[in-house]
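A.B. asks: pasting the structure only:
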Ligand SMILES: C[S@@+](CC[C@H](N)C(=O)[O-])C[C@H]1O[C@@H](n2cnc3c(N)ncnc32)[C@H](O)[C@@H]1O
């Protein structure tokens, strides 16, 4: 099993419901040090791109949209989509009252929309899961209007590296501890995007975690690796974290995250 890009595993286990993703969002919400907040950072970038129609692929539980007021939407049509039925359903449950939103259960590699249907496509923290990234980017480019933009967030190689190290210490034989975003990361994402888009700009979001409670940290780690470690490794992990908090009271964790804005050139079809 591979939790990066095995579609069956992602749909049927990791993202079957919003539970795992929510555990991770909770850790970021409680302990992030940048007061701006990721959702406001993304909103600031989106606000600079003139658009009336927007498609999000791999929207998850649409957490960022839930923190937005209806009056903040300048877009007339917003499609929120995910290839996990549970995620698409979770997004629609929380936002269906706002008529601007439409929801669909679909794979970013096969978009059932006409050419040039959207001014913006968002693909945040999801392209590293997609088996054929070039196929998804070809589809996204096709459905973007002339001069439309793709906003694609991802992480860098050192993102939350301390958490990965906790897991490696408790479960040294575990194979699944590489960076989740390595397939499409801050380091290599531009090389994919430049094959499809004329202009690619990277915006980094400086942030870190200052964690003062073991519970949300353990929940985060188990949301990623819980299915891969044994009961005794889980106990080793918890004991190690308890000892670390008893000694230091806080754990600082580095983040490396940001997004690419890629503009379609109107002359390219
Ligand atoms: C890390 S979550 C990110 C969710 C949301 N974009 C966010 O930033 O909070 C990745 C999401 O991408 C979805 N996903 C993975 N592969 C996909 C694909 N090929 N097409 C559409 N969605 C996909 C997963 O179901 C999951 O909801």
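C.D. replies: Here it is on my side, so go on. Owing to the predicted nature of the structure, the values given are computational and were not obtained by experimental measurement.

A.B. asks: In three-state terms, how would the residue nearest to residue 170 when sequence neighbours are not counted be classified?
C.D. replies: Once flanking residues are discounted, residue 170 sits nearest to residue 237: 3.8 Å by Cβ to Cβ, 6 or more residues apart in numbering. Any C-beta I mention is one placed from the backbone N, CA and C, and that applies to glycine too. On the three-state scheme (DSSP: H, G, I helix; E, B strand; the rest coil), residue 237 is labelled helix.

A.B. asks: Hmm, residue 237 is touching residue 218, no?
C.D. replies: Yes. Using Cβ atoms under 8 Å, residue 237 is in contact with residue 218, at 7.3 Å.

A.B. asks: So is the strand or helix carrying residue 45 next to the ligand?
C.D. replies: Here residue 45, judged by DSSP states H and E, is contained in helix 38-47. No. Looking at helix 38-47 against the ligand by Cβ under 6 Å from any ligand atom, there are no contacts, and the closest approach is 8.4 Å.

A.B. asks: name the helices or strands packed onto that helix?
C.D. replies: If you count contacts as 3 or more Cβ pairs under 8 Å, 6 or more residues apart in numbering; DSSP states H and E, helix 38-47 packs onto helix 63-66, strand 144-155, strand 199-205, strand 257-263.

A.B. asks: Return the residues of the chain in contact with the ligand.
C.D. replies: Counting by Cβ under 6 Å from any ligand atom, the chain sits next to the ligand at 10, 15, 21, 57-60, 63, 82-84, 87, 107-109, 124-126, 129-130.

A.B. asks: let's see it at 8 Å
C.D. replies: 5, 7, 10-11, 14-15, 21, 24-25, 56-64, 81-84, 87, 106-109, 122-126, 129-131, 136, 153 (Cβ under 8 Å from any ligand atom).

A.B. asks: quick one: which helix or strand includes residue 104?
C.D. replies: Using DSSP H and E, residue 104 falls in strand 101-105.

A.B. asks: Quick one: the helices in the stretch 151-269 of the chain, in order.
C.D. replies: 161-170, 189-193, 214-225, 231-248 (DSSP state H, counting those that start in this stretch).

A.B. asks: Next, format these as CSV and append mean neighbour count, mean pLDDT and distance to residue 203.
C.D. replies: Below are these laid out as CSV (neighbours: other Cβ atoms under 10 Å; pLDDT from 0 to 100; distance: least, Cβ to Cβ, whole Å):
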stretch, mean neighbour count, mean pLDDT, distance to residue 203
helix 161-170, 17, 90, 21
helix 189-193, 19, 98, 12
helix 214-225, 19, 93, 25
helix 231-248, 13, 93, 33
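
A.B. asks: what about the strand holding residue 104, distance to the chain center?
C.D. replies: Computed by Cα atoms, centre = their mean, to the nearest Å, the chain-centroid distance of strand 101-105 equals 18 Å.

A.B. asks: Residues touching that strand, excluding its own?
C.D. replies: 65, 77-85, 88-89, 91-92, 95-96, 112 (Cβ atoms under 8 Å, 6 or more residues apart in numbering).

A.B. asks: so where do the strands sit in the stretch 51-200 of the chain?
C.D. replies: Taking DSSP state E, counting those that start in this stretch to define them, one finds strands in the stretch 51-200 of the chain at 53-56, 77-82, 101-105, 118-122, 144-155, 199-205.

A.B. asks: would TSV of the ones you listed with mean pLDDT and mean neighbour count be doable?
C.D. replies: TSV is the format used below for the strands of the stretch 51-200 of the chain (pLDDT from 0 to 100; neighbours: other Cβ atoms under 10 Å):
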stretch	mean pLDDT	mean neighbour count
strand 53-56	97	24
strand 77-82	96	23
strand 101-105	96	18
strand 118-122	97	25
strand 144-155	97	22
strand 199-205	97	15
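
A.B. asks: need those strands in a markdown table with distance to residue 43, can you?
C.D. replies: Compiled in a markdown table, the strands of the stretch 51-200 of the chain are given as follows (distance: least, Cβ to Cβ, whole Å):
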| stretch | distance to residue 43 |
| --- | --- |
| strand 53-56 | 12 |
| strand 77-82 | 13 |
| strand 101-105 | 16 |
| strand 118-122 | 11 |
| strand 144-155 | 11 |
| strand 199-205 | 12 |
